[in-house]
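Peer 1: build me a model:
(2 chains)
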There are 2 protein chains.
Amino acid sequence: MSLIPPSRVFPPPERLLLGPGPSQVHPRVLAALGLPLVGHLDPAFVALMEETKRMLREVFGTKNDLTIPISGTGSAGLEATIVNLVEPGDEVVIGVNGVFGTRLTDVAERAGASVVRAEAPWGEVVPPETIAAALGRARKPRLLALVHAETSTGAWQPLEEASRLAHEHGALFVIDCVTSLGGCPVDIDRMGVDAAYSGTQKCLSCPPGLSPVTFGPRAVERLRARTHQVRSWYLDLTMLEKYWGEERVYHHTAPISMNYALYEALRVVLEEGLDARFARHRRSHEALVAGLEALGLEMAVAPGRRLWMLTSVRIPAGVDDAAVRRALLEDDHIEIGGGLGPLKGQTWRIGLMGESSTEANVRRLLSALGRLLPRHGFACDAESGVAAAGRAYGAA
Amino acid sequence: MSLIPPSRVFPPPERLLLGPGPSQVHPRVLAALGLPLVGHLDPAFVALMEETKRMLREVFGTKNDLTIPISGTGSAGLEATIVNLVEPGDEVVIGVNGVFGTRLTDVAERAGASVVRAEAPWGEVVPPETIAAALGRARKPRLLALVHAETSTGAWQPLEEASRLAHEHGALFVIDCVTSLGGCPVDIDRMGVDAAYSGTQKCLSCPPGLSPVTFGPRAVERLRARTHQVRSWYLDLTMLEKYWGEERVYHHTAPISMNYALYEALRVVLEEGLDARFARHRRSHEALVAGLEALGLEMAVAPGRRLWMLTSVRIPAGVDDAAVRRALLEDDHIEIGGGLGPLKGQTWRIGLMGESSTEANVRRLLSALGRLLPRHGFACDAESGVAAAGRAYGAA
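Peer 2: From the prediction side, this is the model:
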């Protein structure tokens, strides 16, 4: 029976997930994943689809009918949003200040769009003047897309002014809220967002595999007014809305178990309450920053622009990025992320997303880092880091 | 807390899944789904990716390096296969004898291809003469695509002659084996298949959500020789092969839990052994047919063309399709499928896929149907159906 592989990969090692996602998953969500399956047209599954849409609307802060999970990861939601709104030859304006803005330009170009970039350095946000100038360079911008929470850098993009600018130019306002949804206010309707996509494995604390999207009235109107068929069959919202709508027209077979998980994850989110959840993310972030600074580390993003759920910290000169992360993973069973693109080797990315965002996890990470860094050439005192975090929690 | 929905959808009702998929999932696979997560770049997950590729190659019957699960359902695998092989303006020949051949034409047209249809009536297979004629009508066919197991009708498409014809015309040979993989021989290499895609929720008995694909040397050569970028970023195999390859270049975040499930499902498949598994599917199918015929029902597909894992049976005149399926589901907790397209209201589709394909399940279905049909205007004797199936099992 040489065909059967060893079982050495199971069970997976215990990890504390403090990277850019996936985050820790609540035991109730793991239990939901393991429930026996029903068919995707079963009345029980249809009821679950309805409740999931209702809960997603609450979490997004929207009344949009077309609010559903796409059957793929966050990047599938990104692609779904773009290919449904863009037709060949359209001009689009995209904020580019990290990996995910760059990805948006790639997807938009493949969809046949002509892209105008509104650029900012990685780690900063795109200022309104840059956005206004880019919108001005386009003759008839179809949409403006911004990354609300740039997971590659930890920068928190403000939305209000950008929303106003987009609409002034007759453009749809689109946001990537993969990392922000469920961890800080997103407020789709209040912010005038026309379309948005997210992921399940960040602040919703569900495993990766689904991508909630929401399309508002103007975006739906655009969908109806298309003159070209959507280029992707799998991501075509004109069909997906009939599968997730009352018609239940067969499209694909929804991932049953992943939808069980999302349903339960959303229940956990709403039981905690959005405001309490946001406050928890903020508190953990502030305690983490206090602790990291007490260790002598520097933040990579300016105050006021830092995400609560993802903190980028500069790797001290002379410290070996990979060696520290490997030691954290192997010895302490803690995952944190490395930098991407121009920040590779320059930053660590610490995620405190959803279930991962707790005082105990902040203390455990600071304690491990404070013990580890001196062995990698950076003098610091673990106790002072943990104590500073504790004081920040106490003051909150 | 009016935001929190009732928990009435959980736990899901117990179902025996004998429809077109999902099929019953092995308890070991459900247990794998519920395991805590690791990161997608964790050495433990990388090891799981490697073992998964190795096991997928065994099940596909191929040595193809580029054999990976796409992070979406079977339809995402279909789209991935087409958009990676087709460039705008290419001519493609597609066998159309059901929903999934029709879907292939839709996806190919969206990818910019000009489609030549090799058509056959629903419920029949596409004969070699029709395939040869269609290939002859194309000037320079880029590929020939056929559906190995047409889930919408239950027809089993032979591959040998089609493979020879495709290659004679310089076309790649592509198959949809969503429903056949793991339930009957697919033999990618021996059949000269250049590219194929499947799903997890049929004979692999894993929940829906991933789509194994395999690309052989000629298909990879085509991928390298493209002059246009692949239209889909999410499904671009030139990037996915680097994420699943030794480079581990970040693309998207793989669905961790679903990959746990696929890993365990493949272990279950290979522990049983492919030949034993195929024989089990054949035996259950033959017993089911014997039982259904003993009840007085007629098969919708001619002998010799019937799939082992999906049996289409004609709904007797005067019997209410939906009422019978609803009663089966509500009273007996058994799911079977209805017909699609021109077969809607004409056929039932009974799936005996993977874990669903057992003698006990065949007996339970025949018993329920035999009891139910007389109440819906079709006289039959449940005992004779169950007995006929038992004799077929005994003779096998």
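
Peer 1: and A:Ala294, what is it in contact with?
Peer 2: A:Ser384, A:Gly385, A:Ala387, A:Ala388, A:Ala389 (C-beta atoms under 8 Å, 6 or more residues apart in numbering or on different chains). In this view, the C-beta of every residue, glycine as well, is placed from N, C-alpha and C.

Peer 1: what's the neighbour count on the residue nearest to it when sequence neighbours are not counted?
Peer 2: Closest residue to A:Ala294 apart from its sequence neighbours, by C-beta to C-beta, 6 or more residues apart in numbering or on different chains: A:Ala388 at 3.5 Å. For A:Ala388, the count of nearby residues is 20 (other C-beta atoms under 10 Å in any protein chain shown).

Peer 1: what kind of secondary structure is A:Ala388 in?
Peer 2: Assigned by DSSP: H, G, I helix; E, B strand; the rest coil, the conformation of A:Ala388 is helix.

Peer 1: isn't it up against A:Leu297?
Peer 2: No: at 11.4 Å, A:Ala388 does not count as touching A:Leu297 under the criterion of C-beta atoms under 8 Å.

Peer 1: hang on, the earlier thing: for chain B, see how far away the residue nearest to A:Ala294 is.
Peer 2: 27 Å (C-beta to the nearest C-beta, to the nearest Å).

Peer 1: ok, now A:Glu109?
Peer 2: 8 Å.

Peer 1: quick one: the helix or strand containing that residue to chain centroid distance?
Peer 2: Assessed by DSSP states H and E, A:Glu109 sits inside helix A:99-110. Centre-to-centre, helix A:99-110 and its host chain are 16 Å apart (C-alpha atoms, centre = their mean, to the nearest Å).

Peer 1: elements contacting it?
Peer 2: helix A:74-85, strand A:91-96, strand A:114-119, strand A:141-147, strand A:149-150, strand A:172-176 (3 or more C-beta pairs under 8 Å, 6 or more residues apart in numbering or on different chains; DSSP states H and E).

Peer 1: what's next to the second one, contact-wise?
Peer 2: The list of residues contacting strand A:91-96 from outside it, by C-beta under 8 Å, 6+ apart, reads A:82, A:86, A:101-102, A:104-105, A:108, A:113-120, A:126, A:131, A:134-135, A:138-147, A:157, A:162, A:166, A:171.

Peer 1: one more: the shortest one?
Peer 2: Residues outside strand A:149-150 that contact it (C-beta under 8 Å, 6+ apart): A:97-101, A:155-157, A:176-180, A:183-184, A:307, A:309-310.

Peer 1: go again using 10 Å as the cut-off
Peer 2: A:95-101, A:120, A:122-126, A:155-157, A:175-181, A:183-184, A:186, A:198, A:202-203, A:301, A:305, A:307-310, A:312, A:353 (C-beta atoms under 10 Å, 6 or more residues apart in numbering or on different chains).

Peer 1: from the residues you listed, keep the buried residues only.
Peer 2: Buried residues within those, counting neighbours by 16 or more other C-beta atoms under 10 Å in any protein chain shown: A:95-101, A:120, A:122-126, A:155-157, A:175-181, A:183-184, A:186, A:198, A:202-203, A:301, A:305, A:307-310, A:312, A:353.

Peer 1: which ones among those lie within helices?
Peer 2: Under the assignment DSSP state H, the buried ones among the contacts of strand A:149-150 contribute A:Val99, A:Phe100, A:Gly101 to helices.

Peer 1: nearest to A:Glu286 among those residues?
Peer 2: Lowest distance from A:Glu286 to those (C-beta to C-beta) belongs to A:Phe100, with 24.5 Å.

Peer 1: quick check: A:Ala388 vs A:Glu359, distance?
Peer 2: Taking C-beta to C-beta, to the nearest Å as the measure, A:Ala388 falls 13 Å from A:Glu359.

Peer 1: and A:Val193, by the same measure?
Peer 2: 32 Å.

Peer 1: please apply the same query to A:Leu41.
Peer 2: From A:Leu41 over to A:Glu359 (counting by C-beta to C-beta), the distance is 45 Å.

Peer 1: cool, A:Gly390 as well?
Peer 2: Separation of A:Gly390 from A:Glu359 (C-beta to C-beta): 8 Å.

Peer 1: how far does stretch A:294-304 sit from the chain's center?
Peer 2: Distance, centroid of stretch A:294-304 to centroid of chain: 22 Å (C-alpha atoms, centre = their mean).

Peer 1: measure it end to end?
Peer 2: Length of stretch A:294-304, first residue to last, C-alpha to C-alpha, to the nearest Å: 19 Å.

Peer 1: what residues sit buried inside it?
Peer 2: Within stretch A:294-304, judged by 16+ other C-beta under 10 Å, the buried ones are A:Ala294, A:Leu295, A:Leu297, A:Met299, A:Ala300, A:Val301.

Peer 1: name the residues that touch the helix or strand where A:Leu328 lies?
Peer 2: Using DSSP H and E, A:Leu328 sits in helix A:321-332. Residues outside helix A:321-332 that contact it (C-beta under 10 Å, 6+ apart) are A:13, A:15-16, A:18-19, A:315-316, A:320, A:334-339, A:344-348, A:364-365, A:367-369, A:371-373, A:375-378, B:38-39, B:41-44.

Peer 1: the closest residue to A:Pro127 other than its chain neighbours and B:His251, how far apart?
Peer 2: Using C-beta to C-beta, 6+ apart and skipping residues adjacent in sequence, the residue nearest A:Pro127 is A:Ala120, 6.8 Å away. Distance, A:Ala120 to B:His251, using C-beta to C-beta: 24 Å.

Peer 1: sorry, back to before: what about burial for the contacts of strand A:91-96, which qualify?
Peer 2: Buried among those (16+ other C-beta under 10 Å): A:82, A:86, A:101-102, A:104-105, A:108, A:113-118, A:120, A:126, A:131, A:134-135, A:138, A:141-147, A:157, A:162, A:166, A:171.

Peer 1: which one of the ones in helices among the buried ones among the contacts of strand A:149-150 is nearest to chain B?
Peer 2: Of all these, chain B sits closest to A:Val99, with 8.2 Å by C-beta to the nearest C-beta.

Peer 1: now do the contacts for the closest one.
Peer 2: A:Pro20, A:Trp122, A:Val147, A:Glu150, A:Thr151, A:Ser152, A:Thr153, A:Leu340, A:Gly341, A:Leu343, B:Tyr250.

Peer 1: any idea how far the third one is from chain B?
Peer 2: When you say that, I think you mean A:Val147. From A:Val147 to chain B the distance is 15 Å (C-beta to the nearest C-beta).

Peer 1: pLDDT on the longest helix seen in chain A, on average?
Peer 2: For chain A, the longest helix by residue count, based on DSSP H, is helix A:274-294. Across helix A:274-294, the average pLDDT comes to 98.

Peer 1: please identify the buried residues of it?
Peer 2: A:274, A:277-278, A:280-292, A:294.

Peer 1: many thanks, I have nothing further to ask.
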